[in-house]
Every structure is written in C-alpha cells, then in structure tokens.
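1. Next comes the sequence, and after it the predicted model I'd like to discuss.
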Amino acid sequence: MRTDSSPGTGSSPGTRPSLGVLPARAHLPAGAGDAPVLDVVIPVFNEEKDLGPCVRRLHQHLVGTFPYRFRITIADNASTDSTPDVAADLAAEFPAVRHVRLELKGRGRALRTVWSASDAPVLAYMDVDLSTGLNALLPLVAPLISGHSDLAIGSRLARSSRVVRGPKRELISRAYNLILRGSLQTRFSDAQCGFKAIRRDVARVLLPLVEDSDWFFDTELLVLAERAGLRIHEVPVDWVDDPDSTVHIVRTATDDLKGVWRVGRALAVGALPLDRLARPFGDDPRDRQVPGVPGGLARQLVGFCVVGALSTLVYLLLYSGFRTVTGAQVANALALLVSAVANTAANRRLTFGVRGRERAVRHQAQGLVVFAIGLALTSGSLAALAEATPHAAHSTELAVLIAANLAATVLRFLLFRAWVFPEQAAPRDLETER
C-alpha cells in the first residue's frame, strides 16, 4: 500500500482545524466485525536490519497473548535502503501485516497518516528497536478497549519501571519532562517514550489540532489531550536503551524546545480553541446535577480564592507604592484598577475556564463594573476611617482595606458567577448538544 503525504501540517494554511465533539467512552464490543481491534504502527526510516526481527517478534507476541484481532502497520518514512523490500516481504508473509510508504520523513507525519486512515478502534505505535518490553502492550491498550481511558502511554519514569540506559539520555529525558511540567503544567510523566496508544474516535478529533509532524508530535498530542480533559493512562515499562539508535539527540531536543515554546505561547494567548471542544465524556460525576450543590461551585471557589489571594497581595503592594506619591483615595483607585483588570483576566481563564479572545473585551468591561462596586466599598471604608480617625496609621488603613476587600471579594465572586460568566456556572446538557 502506497500513501503519499504532503509536507503541510494537519490543516491547510490559514484555516482553523475542524473541531468536533469528543466521544463518550464505551467498552469496545468483543469480536464484532472483521476489522482489527488494534492497529500497531511501526514508523521506520532505513531499518532494513531491525525491521524483520521486530515485526516477527511482535507478531508472535500478539498471536500468543492478544485476545482480539490485530494489525501491524509498517510506516516507511521515505527510506532509501532496502527497507521497502523487507516491509513488502513481511506483508506477504503475514496477513496481519501491511506496509504504508510515505515519500516524506517525519514520525509524526507517519502516525498521522496511518492513524487517520485506520479502521481499528484502538491505535498504537512502538519503535522498531523494541526497547520497550512487549509484556506492557496489553496493559497499554486494555484501558482503551474497556472505555476507561482515552490515551495510554508507556512511562520509563514511573517508580516501578525498570530502565537500562546511559546517564546522558537519562538526564535529557528527565530534564525535558521537568521543562514540560514547569512551562506547560503537564501531569503525565514521560512524553517521549515510543510506546503509546489512543482511541480512534479521540484521534480523529485531536489530530487536526496537532501541528508538528516529527518528534514533538507525541508531546503536542498529549498536551492537547490533557488540556481537553481527556484521561491519559500510564503504564510502567521495562526499557533497555538501544545503543545503535539513529535519533539525533541535539537536533531532536532543539526541535522539542521550539515546540514547547510554540504550544505554550498558543495556550497563553488562547490560539488553541480547546474550549470549543465539548466535554469529552458524559459520565464524569462532576457533570452531574446534585440537589443543593451548584454545578462546578467547588472548583470555581478554589480557583477564585487562589486568584483573589494573589490579586489582594498585588493590590496591597500597588497601594503602598502609590501611597508614597499620592493621597489614599487616588492610590486606592489606581491600585484597584490595575489589580481588577488582572483579576478579571485570571478568573476568566483559571476559575471559569474561558479561553480565546471571543467576548474578552465584554468580560473586561463587566469586570470594570464589578471593580466600580469594589471601589465604592473600599473608598467608603477609607472615607469612614478618615472621618473617625483623621490621622490613622498606615497599618490601620491597610487593615480597613483588607476587611473591605473581603466583602468586595464575596460580592465579586457572586457577580462573576451570575453575570459575567453565567454560561460557565452551570454544566452544559451534552445530550442536547449531541
């Protein structure tokens, strides 16, 4: 089978990727139809020596341990040696093996091409060197078959994993995953392990959003999945480093860091329209209506309190700074204005989960109305203090402002929830949307 791939990304330049409703999880029916349940993709480039032993070993393992129909797809990334001939011979030898030829290199491009065309409900891939022990394959795909999870990854950094590799690769891997945690706030432990699986219905929604076509493809897919609210299952693996690996470490690390910067910037400015994806499943207990408990209230309260605490600290620092050059009322107004704009932006994204630029100006305008109410409370408190104690100490002013801000904060949360962001206060009716 021959498939040509264009050098572009998952969508046409200048167009927004098509978005859809992420599917509800359900257990895959056992033995239904003739299509394979699992499609394992092996991306290769000039692997004429390792390809044959890899496919035969994987095929033998699946025949002996996997209880469903399966397929092994060799994705040839424009090899220039005899890899295409080896792949063709393997496809002729085993009915469950097929060969896809791409004229352009790129592991991400190969996975996108094969996964997008596959009819198997569970899609996986592994590196041709089989560094990962095959005993982890069934635990990797089982949560996807059962409907428990949406993606699954092998982790070399789990405590129970058994890994043999040199200090250089160990250091680079751990440093990269620390960078992901610090910059993109990821929670998965190992982005680079060449041992992953995804449900096909989820892949068809997420793949158009992934821009990278090379080694950063894995990381970008995982970040988008995590931000979309999907469940990622991690499997500890046994992993032995391949000393003959052809991966260029420095170039790959540089490209990965560029990808981290691109995705981080897109998330920061709301360029990725993840908020337009519907909830990924309808069985999340957090989406249920519980009598007497408003939907999402607990999570919103936590986010609002964190943002509020930071905003109050910023407000007090600004007030103290402005107070050295102006009067109490002016300093209060300036400090409250600056902190209110930042507070509205932070609550919009972190507390109520609104991303993108749509209605951002309107939300800020409504936030300024709420700010005016807070200003009236705090200014009135200062005026009352000045009337009662004309020469009150600075510490007394701060104490009065803290008390007034507490009252203003409660009112701000109620107004944000009921007026500024009302559509985020109640969960959506998924069945009606679908």
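-> Cool, the structure landed.

2. Report the spatially closest residue to Arg56, excluding sequence-adjacent ones.
-> Leaving out its chain neighbours, the residue that sits closest to Arg56 by CB to CB, 6 or more residues apart in numbering is Leu90, at 7.8 Å. C-betas here are computed from N, CA, C, even on glycine.

3. ok, and the one you found, which helix or strand is that part of?
-> Applying DSSP states H and E as the criterion places Leu90 in helix 83-93.

4. quick one: contacts for Thr409?
-> Neighbouring residues of Thr409 by CB atoms under 8 Å, 6 or more residues apart in numbering: 308, 312.

5. And it, how far from Val370?
-> According to CB to CB, to the nearest Å, Thr409 and Val370 sit 10 Å apart.

6. Ser183 now?
-> Ser183 is 32 Å from Val370, where distance means CB to CB.

7. Quick check: mean pLDDT of the helix holding Leu90?
-> Within the predicted structure, the mean pLDDT of helix 83-93 is 95.

8. what sits up against it?
-> Contact with helix 83-93 is made by 44-48, 51-52, 55-56, 74, 76, 97-99, 101, as judged by CB under 8 Å, 6+ apart.

9. Likewise for stretch 173-188?
-> With CB under 8 Å, 6+ apart as the contact definition, stretch 173-188 has outside contacts at 153, 155-157, 189-192, 219, 222-223, 226, 232, 234, 253, 256-257, 260, 263-264, 267.

10. go again using 7 Å as the cut-off
-> Residues outside stretch 173-188 that contact it (CB atoms under 7 Å, 6 or more residues apart in numbering) are 153, 157, 189-192, 219, 222-223, 226, 232, 234, 256, 260, 263-264.

11. What of stretch 388-397?
-> Surrounding stretch 388-397, the residues in contact under the criterion CB under 7 Å, 6+ apart are 328, 382, 385.

12. With pLDDT, distance to Val86 and secondary structure added, can I get those residues in a markdown table?
-> Listed next are these as a markdown table, based on pLDDT from 0 to 100; distance: CB to CB, whole Å; DSSP: H, G, I helix; E, B strand; the rest coil:
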| residue | pLDDT | distance to Val86 | secondary structure |
| --- | --- | --- | --- |
| Ala328 | 85 | 80 | helix |
| Leu382 | 82 | 81 | helix |
| Leu385 | 85 | 84 | helix |
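
13. Any chance of JSON lines for these, columns distance to Gly166 and neighbour count?
-> Listed next are the contacts of stretch 388-397 as JSON lines, based on distance: CB to CB, whole Å; neighbours: other CB atoms under 10 Å:
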{"residue": "Ala328", "distance to Gly166": "63", "neighbour count": "19"}
{"residue": "Leu382", "distance to Gly166": "65", "neighbour count": "20"}
{"residue": "Leu385", "distance to Gly166": "67", "neighbour count": "18"}
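
14. rewinding a little: what's the local residue count around the residue nearest to Arg56?
-> 20 (other CB atoms under 10 Å).

15. With the one 5 residues further on instead?
-> Using other CB under 10 Å, Pro95 is surrounded by 8 other residues.

16. distance of Glu226 from Phe66?
-> If you measure Glu226 against Phe66 using CB to CB, the figure is 28 Å.

17. re earlier: highest neighbour count among the contacts of helix 83-93?
-> Tallying neighbours with other CB under 10 Å puts Ile74 at the head of these, with 29 neighbours.

18. tell me the SS of that residue?
-> Here Ile74 is recorded as strand under DSSP: H, G, I helix; E, B strand; the rest coil.

19. which residues does it contact?
-> Counted by CB under 7 Å, 6+ apart, Ile74 has contacts 42, 44, 51, 55, 87, 90, 97, 99-100.

20. Please work out how many residues are found near the residue lying closest to His99 once chain neighbours are set aside.
-> Leaving out its chain neighbours, the residue that sits closest to His99 by CB to CB, 6+ apart is Ala87, at 4.1 Å. Burial measure for Ala87: 27 neighbouring residues, criterion other CB under 10 Å.

21. For the strand or helix carrying Val314, which residues meet the burial criterion?
-> Secondary structure from DSSP H and E places Val314 in helix 297-323. Going by neighbour count (16 or more other CB atoms under 10 Å), the buried part of helix 297-323 is 300, 303-304, 307-308, 311-312, 315-316, 318-319, 322-323.

22. Same check on stretch 350-363?
-> Buried residues in stretch 350-363 (16+ other CB under 10 Å): 351-355, 360, 363.

23. Over to that stretch now: how far is its first residue from its last?
-> Chord length of stretch 350-363, first to last residue, is 14 Å (CA to CA, to the nearest Å).

24. which residues of the stretch 151-300 of the chain fall in helices?
-> Assigned by DSSP state H, counting those that start in this stretch, the helices in the stretch 151-300 of the chain fall at 167-184, 200-206, 217-227, 249-269, 297-323.

25. Leu151 is in contact with Ile232, isn't it?
-> Yes: with contact defined as CB atoms under 7 Å, Leu151 and Ile232 form a contacting pair (4.8 Å).

26. Name the residue in the two with the higher neighbour count.
-> Set side by side, Leu151 and Ile232 show more neighbours around Leu151, with 24 against 19, by other CB under 10 Å.

27. coming back round to it: could I get the helices of the stretch 151-300 of the chain as TSV with mean pLDDT and distance to His394?
-> Converted to TSV, those look like this (pLDDT from 0 to 100; distance: least, CB to CB, whole Å):
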stretch	mean pLDDT	distance to His394
helix 167-184	85	37
helix 200-206	91	54
helix 217-227	92	44
helix 249-269	83	37
helix 297-323	82	7
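
28. Now render those as a markdown table, adding distance to Ser116.
-> As requested, these are exported to a markdown table (distance: least, CB to CB, whole Å):
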| stretch | distance to Ser116 |
| --- | --- |
| helix 167-184 | 25 |
| helix 200-206 | 7 |
| helix 217-227 | 13 |
| helix 249-269 | 20 |
| helix 297-323 | 35 |
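
29. sorry, back to before: the buried residues of stretch 350-363 in helices, which ones?
-> Among the buried residues of stretch 350-363, the residues falling in helices (DSSP state H) are 360, 363.

30. Could you point out which of the buried residues of stretch 350-363 is nearest to Pro167?
-> Pro167 lies nearest to Arg355 out of those, by CB to CB, at 39.9 Å.

31. hang on, the earlier thing: of Ser183 and Val370, which one has the most company?
-> Shown here are Ser183 and Val370; by other CB under 10 Å, Val370 has more neighbours (21 against 14).
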